[in-house]
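Engineer: Sequence plus the predicted model coming up.
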Amino acid sequence: MEYHFGSYPVNSYMSTISSDRPALVLAPHLLYPTRNGADIYVDRMAREISRKVSYVVVVGASHTLRYESGKEVSRTIMAISKRSKWVAAARTVLFKSHYFKEKFITPTYSTAAVAQYKSDDYGMVLFSYIVSAVLIKKLSISPTSKAIVLTHNDEFKWFKDVKLKSKNPLGKMVARASTAWLTSYFSKRNDDVKFVHVSDSDLAGYAQWLNDSNSVVIPLGTDIPDSPVPPRAPNSRPCSVLFVGSLGIGMNGDALEHFANKYYPILKAEIDPIVRIAGSNPSSRIQTLCQQHGWEFHPNISDEALRVLFEKSDAAILPFEYSTGSKLKLLASISHGVPFLATNEVDPPVNFVFPPSLVSNEPQQWLSALTEINRNGISEDQRDQLYLTAKGHSWGHSADQLFQIFQD
């Protein structure tokens with residue numbers, strides 16, 4: 001199979017990764033247990049890559065992990081200094097820097113990353129987020145090691161959205177400074193980094209800068225349950241919807257406010273659905289929203305408890321007014337065999353969207369979709385179609401693509 005970076009085939013200039021050498025993952029944001037999308041993405045990819053190389057070491061925010069053959073074999077606590085979001089924001093503006101750089105790339109993290117890289121002959125180094133690539137010079141990476149950046153999102157779009165939506169003047173200043181830092185990085189960089197994006201729209205966001213054929217799309221994966229949830233019989237229970245996400249992130253708070261203001265009023269007036277909000281590290285803003293509207297609130301729940309919520313739900317909701325991080329939420333829904341209601345901004349792949357799932361910005365269409373689910377239920381065939389679609393997007397499949405691209 002031949003994959004393409006821009007208009008040039010991978011085989012034309014890229015050497016292969018040796019399966020006999022270990023891989024190193026530098027993810028200064030990564031916290032355990034994994035709850036937010038970025039942490040899940042990096043951890044699962046590291047685990048699956050370990051099935052293809054001798055082992056993988058992950059240097060996270062406070063732990064160093066080692067994976068072998070898809071299993072965690074060791075975990076060590078590290079003494080890494082951390083900066084609060086306010087300190088990181090102030091430093092971003094003061095030093096004309098990037099928020100993620102000031103938040104995550106601390107001196108103690110840099111020291112730990114260098115020490116780990118020098119401890120073995122790593123054949124591949126994955127840098128999580130663009131700012132982590134500043135460590136390349138400190139590491140003095142060998143020409144025989146592949147340096148790969150996992151971009152996660154289109155950061156230009158991310159900070160543009162932050163600047164538009166933030167009500168905080170400091171937030172707007174941070175967005176402007178971070179965008180300027182990104183522009184400077186891409187215009188001046190001379191490293192041999194290969195960039196991995198999770199969607200075509202993310203790739204397009206970097207097209208102005210990554211015009212030297214070193215950028216590729218590898219879609220996100222998801223954890224695949226052993227089986228989908230049971231089918232839903234017609235008119236068998238009150239209608240219910242579920243939102244799952246990291247509840248301390250501003251984008252998710254904005255999405256739920258958007259749902260409360262635009263979609264929930266007509267839904268409540270017509271069918272009065274049960275609304276369940278589940279996720280980690282909830283902000284006071286999210287808690288207040290749930291209290292105001294009488295929504296069920298499920299903070300910091302286990303995977304087993306989340307499965308029960310999916311079994312009780314008729315649809316997952318993705319009510320994003322802007323979106324750069326909804327991909328995992330969509331995949332999580334269909335992996336359980338649960339349809340989704342999403343705004344146009346989510347922009348899912350075409351093959352993910354079939355009834356009773358819906359992509360629309362019209363509240364009346366959301367109402368119609370939920371009314372139909374309640375009336376007709378969710379058949380075994382519909383559930384299985386969702387589940388089988390997700391099975392083609394497992395984390396193992398994503399890792400296979402990454403390894404094949406750099407192996408061919």
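Structural biologist: Perfect, I can see it now.

Engineer: pLDDT below threshold where in this structure?
Structural biologist: Along the chain, the parts satisfying pLDDT under 70 run over 1-18, 211-213, 323-325, 350, 407-408.

Engineer: What residue spans form the domains of it?
Structural biologist: Here the domain parsing of the chain from automatic domain parsing is 4-220+396-407, 240-391.

Engineer: Make JSON lines out of the ones you listed and add distance to Pro234 and mean neighbour count.
Structural biologist: Quick note: C-beta positions are derived from backbone N, CA and C, even for glycine. Shown next, in JSON lines, are the domains of the chain (distance: least, Cβ to Cβ, whole Å; neighbours: other Cβ atoms under 10 Å):
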{"stretch": "domain 4-220+396-407", "distance to Pro234": "33", "mean neighbour count": "18"}
{"stretch": "domain 240-391", "distance to Pro234": "4", "mean neighbour count": "19"}
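
Engineer: so which of those domains gets nearest Ser227?
Structural biologist: domain 240-391 (7.8 Å; Cβ to Cβ).

Engineer: Touching, Thr389 and Phe352? I think so.
Structural biologist: Yes: using Cβ atoms under 8 Å, Thr389 is in contact with Phe352, at 6.2 Å.

Engineer: intersection of neighbour lists for these two?
Structural biologist: Ile334 (Cβ atoms under 8 Å, 6 or more residues apart in numbering).

Engineer: Among the domains of the chain, which comes closest to Pro230?
Structural biologist: domain 240-391 (6.7 Å).

Engineer: Give me the residues contacting the longest helix that the chain contains.
Structural biologist: Taking DSSP state H as the criterion, the chain has its longest helix at helix 169-188. Residues outside helix 169-188 that contact it (Cβ under 8 Å, 6+ apart) are 89-90, 92-93, 96-101, 130, 133, 155-156, 159-160, 162-163, 166, 206, 208-210.

Engineer: how about the domains of the chain in a markdown table, adding distance to Pro230?
Structural biologist: A markdown table is the format used below for these (distance: least, Cβ to Cβ, whole Å):
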| stretch | distance to Pro230 |
| --- | --- |
| domain 4-220+396-407 | 25 |
| domain 240-391 | 7 |
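
Engineer: Ok, which of the ones you listed comes nearest Asp226?
Structural biologist: domain 240-391 (10.2 Å).

Engineer: Show me how far that closest one is from its chain's centre.
Structural biologist: Computed by Cα atoms, centre = their mean, to the nearest Å, the chain-centroid distance of domain 240-391 equals 16 Å.

Engineer: Also stretch 126-144?
Structural biologist: On Cα atoms, centre = their mean, the centre of stretch 126-144 falls 21 Å from that of its chain.

Engineer: Okay, now that stretch: how far is its last residue from its first?
Structural biologist: 14 Å (Cα to Cα, to the nearest Å).

Engineer: same check, this time on stretch 327-343
Structural biologist: Stretch 327-343: ends 12 Å apart by Cα to Cα.
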